[in-house]
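Peer 1: One predicted model, sequence on top.
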Amino acid sequence: MIDQDLLHHLEGYLTENRRNKFIKVLAQRTKHFTVAIEDVYQLHNTSAVIRSCDVFGIQDVNIIEEQNTKRIDREIAMGAQKWVDLNRYNSVKSCITDLKQNGYQIVATTPHKNDCDLQDFDVTEKACIFFGRETEGLSDEVLNAADSFLKIPMVGFTESLNISVSAAIILQHITSELKITKIPWQLSENEQLEKRIDWCKKTIKSFDEIVERFHHTKNI
């Protein structure tokens, strides 16, 4: 249960613009879709996908580091790693297991005999969009576990796009389509309150000391 008195106290340390920004951004956040990035080698690609998730309102990002383990490039992510939730996995299996337990379809972004063009994708189904490595693409483990396959229609000589470009195109389309449906795609009220607390923690200096003083005063 969120302590709303504490939240109100913490937000008193923020500017009015920042408080309003938190509320405005959270109103557009969703967990209906999430993204998984499998062993992407180039650091800037992972960071750019995280940035796109923030821009298009995807709250959760799943990073599989079975082969490649790297820190986030903060310059390219432009601080986006503060505002989205990063879930790290050291195996494809553990990531897919968690996602399926939480009701997500596994959607592989790759050309496939049973693939779906982006404009035909059913946005009403809860889904995790998987993006693979720069050269090899997604692993057989992901492809074998996939519930569906998604592709961006292309008409040029080039057969593929950079992962960060693909992610931006797909996320812009599916989130735009999602928001014109009547399904409940937004974060719950409690989830929004939790993120307001979390974002205060990532914004306010001496956060722990402020919280400690608040509880001490409250208990006097």
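Peer 2: On my side now, so go ahead. Keep in mind it's a predicted model, so treat the numbers as computed, not measured.

Peer 1: switch to C-alpha atoms for all contacts and neighbour counts from now on
Peer 2: Fine.

Peer 1: can you map out the helices along the protein?
Peer 2: Ranges of helices in the chain, per DSSP state H, are 4-11, 16-26, 43-55, 74-77, 92-101, 140-145, 163-178, 189-201, 207-219.

Peer 1: worst average pLDDT in those helices?
Peer 2: Here the lowest mean pLDDT among the helices of the chain goes to helix 74-77, at a mean of 48.

Peer 1: so can I have a markdown table of the helices of the chain showing mean neighbour count?
Peer 2: Listed next are the helices of the chain as a markdown table, based on neighbours: other C-alpha atoms under 10 Å:
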| stretch | mean neighbour count |
| --- | --- |
| helix 4-11 | 15 |
| helix 16-26 | 13 |
| helix 43-55 | 23 |
| helix 74-77 | 16 |
| helix 92-101 | 15 |
| helix 140-145 | 14 |
| helix 163-178 | 18 |
| helix 189-201 | 16 |
| helix 207-219 | 12 |
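
Peer 1: Adding distance to Phe157, write those helices out as TSV.
Peer 2: Putting the helices of the chain into TSV (distance: least, C-alpha to C-alpha, whole Å) gives the following:
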stretch	distance to Phe157
helix 4-11	52
helix 16-26	39
helix 43-55	23
helix 74-77	29
helix 92-101	32
helix 140-145	25
helix 163-178	16
helix 189-201	44
helix 207-219	53
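
Peer 1: So for Phe131, which of these sits nearest?
Peer 2: helix 163-178 (6.8 Å; C-alpha to C-alpha).

Peer 1: Now do the domain split for the protein, please.
Peer 2: Per the TED database, the domain ranges recorded for the chain read 29-187, 188-219.

Peer 1: Nearest to Leu7, out of these?
Peer 2: domain 188-219 (6.1 Å).

Peer 1: And the closest one, end to end?
Peer 2: 30 Å (C-alpha to C-alpha, to the nearest Å).

Peer 1: returning to that earlier point: out of the domains of the chain, flag the one nearest Leu10.
Peer 2: Smallest distance to Leu10 across these (C-alpha to C-alpha): 6.7 Å, for domain 188-219.

Peer 1: circling back to that earlier point, what's the closest of the domains of the chain to Asn20?
Peer 2: Once the domains of the chain are compared by C-alpha to C-alpha, domain 188-219 is nearest, at 10.8 Å.
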